[in-house]
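Chemist: I'll drop the sequence and a predicted model, then ask my questions.
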Amino acid sequence: MNIEWYVVLSSLLFAVGAMGILLRRSPIVILLCLELMLNAGNLALVAFSKMVGNQQGQVFAIVVMVVAACEVVVGLGLIVAIFRRKLPLDVDSLRELRG
Amino acid sequence: MEAVLFFLAALGALGGAVGVVALRSPFYGVLALIVHLFSLAVLFLLLAAAFVAAAQVVVYAGAVMVLYVFVVAYVGGNEEPELDPIPGQRFLAPLMGAALFVELSIAILGSSLLAFETHGADVNPGFGDPAGIGKLLLERFLLPFEASSILLLLAAVGAIVLASRRDEPVENPTAPASAGTPGESRPAEAGAVGSLRGPS
């Protein structure tokens, strides 16, 4: 398969993830859509790594995985904290910081 | 053979992604994301990235998704309410997503990278194995490696601080009484929680 296919698939997955973030209101689902976008970025990194024939892109992908894991841990901690304070799990209700 | 595998995995990845966005229950969304991650691991294997694929399955589909399932089970996979606070959100969001995809595709296809039309560089069988990645991580990228370990530590500490239960009594009775359950949080936090509470 040409590299082009992988990169176009990656951009499609990124667009689907962005659409999910715009569409959904549950914080858990928004975190899941963030995962989609990060993984789309990973796919592009690995595809470019194969295109150039250099392993450094794969190292970048692993670092992105680490960042994604940190983001998940903090995000889920926030969700648990919101739930424990009996606030609604809906990003449209938690709008105090919007100004 | 490679093309068949690619299209199967691409279909799985795309179907999983659409499932995450479209399924109303967060629990099914997590399951769809697991399908998506396994399909992505197949794509990584096709791109000669064996170690990244293994890390994808072990770290993501193993650890992170178990965390998600636990939190969904704890919070309760309640479905979203039907109300539509932003007018036209249901139509504008897919439009924006499609616009983003078109824009990215124009950027990709309009770039003059000739290597896009090829299978990529011819790599030797050891490309992307743990030995090569580990050598790069510990020699060339030692500083980012250590920085990411510190980041992981900070994230773990932050999660513990965020999600820890505080059973201390309320020291200041003038704190807003509407904030949370009494005796659950300290006054400063109680004020913050009180202002967090939106119009319901």
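Modeler: Yes, it's here. All of these numbers come straight from a predicted model, not from anything done at the bench.
Chemist: domain map for chain B?
Modeler: As given by automatic domain parsing, the domain ranges for chain B are B:1-78, B:129-164, B:166-200.
Chemist: any idea of the mean pLDDT for the first one?
Modeler: The predicted model gives domain B:1-78 an average pLDDT of 89.
Chemist: need the helices for chain B, in chain order.
Modeler: B:2-22, B:26-46, B:50-55, B:65-75, B:89-110, B:130-135, B:142-163, B:187-196 (DSSP state H).
Chemist: the fourth one near chain A anywhere?
Modeler: Yes. Contact of helix B:65-75 with chain A (Cβ under 8 Å from any Cβ of the partner chain) involves B:L67, B:Y68, B:V71, B:V72, B:Y74, B:V75. (Each C-beta comes from the backbone N, C-alpha and C, glycine too.)
Chemist: which of those residues count as buried?
Modeler: Buried by 16 or more other Cβ atoms under 10 Å in any protein chain shown: B:L67, B:Y68, B:V71, B:V72, B:V75, out of these.
Chemist: quick one: which of those residues is nearest A:D90?
Modeler: B:V75 (11.9 Å; Cβ to Cβ).
Chemist: quick revisit: please identify the most buried of the domains of chain B.
Modeler: Neighbour counts (mean count of other Cβ atoms under 10 Å in any protein chain shown) averaged over each of the domains of chain B peak at domain B:1-78, with a mean of 19.
Chemist: that one: how far from the chain's middle?
Modeler: 10 Å (Cα atoms, centre = their mean, to the nearest Å).
Chemist: same deal with stretch B:147-162?
Modeler: 16 Å.
Chemist: for chain A, see how far away B:V64 is.
Modeler: 5 Å (Cβ to the nearest Cβ, to the nearest Å).
Chemist: tell me the contacts of that residue?
Modeler: A:E35, A:A68, A:A69, A:V72 (Cβ atoms under 8 Å, 6 or more residues apart in numbering or on different chains).
Chemist: which residues touch stretch B:12-20?
Modeler: Residues outside stretch B:12-20 that contact it (Cβ under 8 Å, 6+ apart) are A:9, A:12-13, A:16-17, A:20, A:29, A:32-33, A:36, B:28-29, B:31-40, B:42-43.
Chemist: can you list the low-confidence ranges for chain A?
Modeler: The model of chain A has pLDDT under 70 over residues A:99.
Chemist: show me which helix runs longest in it.
Modeler: Assigned via DSSP H, chain A shows its longest helix as helix A:56-84.
Chemist: can you pull the buried residues of it?
Modeler: Neighbour-count burial for helix A:56-84 [16+ other Cβ under 10 Å]: A:57-66, A:68-84.
Chemist: tell me, which of those residues make contact with chain B?
Modeler: Okay, of the buried residues of helix A:56-84 touching chain B (Cβ under 8 Å from any Cβ), that's A:58-59, A:61-63, A:65-66, A:68-74, A:76-81, A:83-84.
Chemist: give me the pLDDT for B:I106.
Modeler: So B:I106 comes in at 89 (pLDDT).
Chemist: count of residues packed around it?
Modeler: As a burial measure, B:I106 scores 11 neighbours (other Cβ atoms under 10 Å in any protein chain shown).
Chemist: next: A:G53.
Modeler: Counted with other Cβ under 10 Å, A:G53 comes out at 15.
Chemist: which ones are touching it?
Modeler: So A:G53 contacts B:G120, B:A121, B:D122, B:V123, B:F127 (Cβ under 8 Å, 6+ apart).
Chemist: was I right to think the last one contacts A:Q56?
Modeler: This points to B:F127. No. Look at B:F127 against A:Q56 with Cβ atoms under 8 Å: they stay out of range, at 11.9 Å.
Chemist: report the contact partners of the residue nearest to B:I133 when sequence neighbours are not counted.
Modeler: In this structure, B:I133 finds its nearest non-sequential neighbour in B:F51, 4.8 Å apart by Cβ to Cβ, 6 or more residues apart in numbering or on different chains. Taking Cβ under 8 Å, 6+ apart, we find B:F51 in contact with A:Q58, A:I62, B:G128, B:D129, B:P130, B:I133.
Chemist: likewise A:L76?
Modeler: A:L31, B:L67, B:Y68, B:V71, B:A159, B:A163 are the contacts of A:L76 under Cβ under 8 Å, 6+ apart.
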